[in-house]
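Peer 1: Would you be able to build a 3D model of this:
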Amino acid sequence: MSDLDSLSDSDAVEAVLAAESPATRDGLLVALASRRGRSTAEIAALTGLSSDAVERWIEALDVDDPSTETNGGDEDGSDRSRFEVVDDAVRSFVKSETIEGIAEPVTDVAGEFFDTDAVAVYRYDGLRSELVPELVTPAAESRFEIEPIAEGAEPWWSAFRSDESTAVSSTELVVPSETLGIVRLGDVDADAVSEIDVRTFRPIATAAIGAIERRRRIRTLEDDRDELKGKNEDLQDFANIVSHDLRNPLSVAEGYLKLAVETGDEEYVQEVRDAHERIDRIIDHTLTLSRQGQGIDDAESVDLESIARRAWGTVQTADATLRVADSTTFEADPDRLRQLFENLFRNSVEHGSTDSRPQSDDIVENGSASSQRDSSADDGEHSETDDRLVVTVGTLDDGDGFFVADNGPGIPPAERSRIFERGYTDSDDGTGFGLHIVREIVDAHRWSISVTDSDRGGARFEIDGV
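Peer 2: The predicted structure follows:
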């Protein structure tokens, strides 16, 4: 809300009415109208209070004459009346965008009225029947035992319920704020505290706790909004995961069904059944994830080569070749890991056409251990001058993960930070979710993934932390 002085009286009233608790807004409205030179009758009409109520507020806020009853001087030498103190403090509460931002004006007023900076503000939590500390100054933290005050704990609970300021000890004063909570003031001379100071401080305490509650509600709404946004994104992901990952087994089923019709060979029918079972597993698993989040709860021991070859069998690979340089076993969710391989294989096949791949004399071998593994995995069926796509799977040098590499065109360094983003694609018919899904699976396993150049000139995806 903007500065109240810049608003008309009506707008200022509406702004305060929308923001504050009843007692706090009454005091602030009276202070605001008084400051603008309104008469008692005008203030009563403006606030909706009775004339008696307005006079009681003026007495509490302003004592006698605002021009003579003061609370010390500002740095510029001017004096402030009590209603100005209330006005300035509550303005700060209303403007504050954080709970922490409310602490300073409360402490300033406590210092001005009671000469203390040991201030602890407690909010009443009706669900737990507790007074919960929300703002605690360093001086209060060293002075008080700071913890929630359970219902019945004396003498603080009696002060809160009686709605009367209470001197808990000779150096601690408790100021209640209606039904909202309490403010504990330490290091004060409780016997010397003025009743006028206490009555003036109460609307400030109420305003502070009301502002805290308002900030909590705003923060809750913001959290709910973020959670809803996240759920909407998860729902979109769910739809895209299903549509994207179902394409592989559906394509395989269609191909084998056509062969089964043409040849009558029942082996092809079995392949169709296997593909449909795979579709069922994807749907069941994705529905489970949509209900339980992205965590992996059903990890089991898996064999790298075995699961990679099963994934390769469900991807349309044309004349591409899979090589497994070496293998290992580790703990993972087998279905999700298979999805990871399927999507990486499909990415290699879709982007690794003969037209876009470097020819054999463009391939640079760097002599690394991984390069030696790749070349040693050659079973002699394909030579280094073969133009067909080769996808290689193997373990990382440190044994802490695995890689998927190809001899395709590779991924430009400038694009590597974006390829895992939701919806990113450089293909006209791409969905932009294949590699995003890969990263989600990696994250769910608490692994990490990176992309670099392969020793055969293409892309190399490394998954570590396995």
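
Peer 1: Which neighbouring elements make contact with the helix or strand in which Asn248 is found?
Peer 2: In this assignment (DSSP states H and E), Asn248 forms part of helix 247-263. Other helices and strands packing on helix 247-263, by 3 or more Cβ pairs under 8 Å, 6 or more residues apart in numbering; DSSP states H and E, are helix 266-292. All C-beta spots, glycine's among them, are computed from the backbone N, C-alpha and C.

Peer 1: which is the next helix or strand following the helix it packs on?
Peer 2: Using DSSP H and E, the helix or strand that directly follows helix 266-292 along the chain is strand 300-303.

Peer 1: Just checking: what are the partner strands of that following strand?
Peer 2: Pairing partners of strand 300-303, with direction, according to DSSP bridges: strand 329-332 (antiparallel).

Peer 1: helices and strands around the next helix or strand after the strand it pairs with, which ones?
Peer 2: Moving toward the C-terminus from strand 329-332, the first helix or strand encountered (DSSP H and E) is helix 334-351. Applying 3+ Cβ pairs under 8 Å, 6+ apart, we find helix 334-351 packed against helix 195-245, helix 266-292, strand 300-303, helix 304-312, strand 390-395, strand 401-406, helix 434-444, strand 459-464.

Peer 1: what is the mean pLDDT for helix 334-351?
Peer 2: When the per-residue pLDDT values of helix 334-351 are averaged, the result is 89.

Peer 1: now that helix and helix 247-263, what's the angle there?
Peer 2: Taking axes from the mean of the first three to the mean of the last three Cα atoms, to 10 degrees, one finds that helix 334-351 is oriented at 80 degrees with respect to helix 247-263.

Peer 1: CA-only coordinates of helix 334-351 in CSV, if you can.
Peer 2: Output in CSV follows, covering the C-alpha atoms of helix 334-351 (Å, rounded to 0.1, in the frame of the first residue of the first chain):
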residue,chain,number,x,y,z
PRO,A,334,14.4,-51.0,-13.8
ASP,A,335,11.4,-49.6,-15.6
ARG,A,336,12.5,-46.0,-15.2
LEU,A,337,16.0,-46.9,-16.2
ARG,A,338,14.7,-48.6,-19.3
GLN,A,339,12.8,-45.4,-20.1
LEU,A,340,16.1,-43.5,-19.7
PHE,A,341,17.9,-45.7,-22.2
GLU,A,342,15.0,-45.7,-24.7
ASN,A,343,14.9,-41.9,-24.7
LEU,A,344,18.7,-41.6,-25.1
PHE,A,345,18.7,-44.2,-27.9
ARG,A,346,15.9,-42.6,-29.7
ASN,A,347,17.6,-39.2,-29.4
SER,A,348,20.7,-40.7,-31.0
VAL,A,349,18.8,-42.3,-33.8
GLU,A,350,16.6,-39.3,-34.5
HIS,A,351,19.6,-36.9,-34.6
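
Peer 1: can you state the direction angle for that helix and strand 401-406?
Peer 2: Between the axis of helix 334-351 and that of strand 401-406 there is an angle of 30 degrees, by the same axes, to 10 degrees.

Peer 1: how much does helix 334-351 deviate in direction from helix 195-245?
Peer 2: Going by the same axes, to 10 degrees, helix 334-351 makes 70 degrees with helix 195-245.

Peer 1: For stretch 97-108, measure first residue to last.
Peer 2: Terminal residues of stretch 97-108 lie 18 Å apart, using Cα to Cα, to the nearest Å.

Peer 1: what residues are up against Ile99?
Peer 2: Glu134, Leu135, Ile212, Arg215, Arg216 (Cβ atoms under 8 Å, 6 or more residues apart in numbering).

Peer 1: again, 10 Å this time
Peer 2: The contact partners of Ile99, by Cβ atoms under 10 Å, 6 or more residues apart in numbering, come to Val121, Arg123, Glu134, Leu135, Ala208, Ala211, Ile212, Glu213, Arg214, Arg215, Arg216, Arg219.

Peer 1: Over to Pro148?
Peer 2: Contacts were defined as Cβ under 10 Å, 6+ apart; by that measure Pro148 touches Tyr122, Asp125, Arg128, Ser129, Glu130, Leu131, Val132, Pro133.

Peer 1: hey, what's the fifth one bridged with?
Peer 2: The bridge-partner assignment for Glu130, based on DSSP bridges, gives Asp125, Ala150.

Peer 1: follow-up on the earlier one: of the contacts of Pro148, which is the nearest to Ile279?
Peer 2: Distance ranking of the contacts of Pro148 against Ile279, using Cβ to Cβ, places Arg128 first at 48.8 Å.

Peer 1: Which secondary structure state is assigned to the closest one?
Peer 2: Assigned by DSSP: H, G, I helix; E, B strand; the rest coil, the conformation of Arg128 is coil.

Peer 1: Check the spacing between it and Glu134 real quick.
Peer 2: In this structure, Arg128 and Glu134 are separated by 14 Å, where distance is defined by Cβ to Cβ, to the nearest Å.

Peer 1: shaky segments in the stretch 51-200 of the chain?
Peer 2: Low-confidence regions of the stretch 51-200 of the chain, defined here as pLDDT under 70, cover residues 57-83, 178.

Peer 1: Kindly recompute the last result at 50.
Peer 2: Residues of the stretch 51-200 of the chain meeting the criterion pLDDT under 50: 62-79.

Peer 1: how about the helices in it?
Peer 2: Assigned helices in the stretch 51-200 of the chain, in chain order: 51-62, 82-95, 103-114, 138-143, 156-162, 195-245 (criterion: DSSP state H, counting those that start in this stretch).
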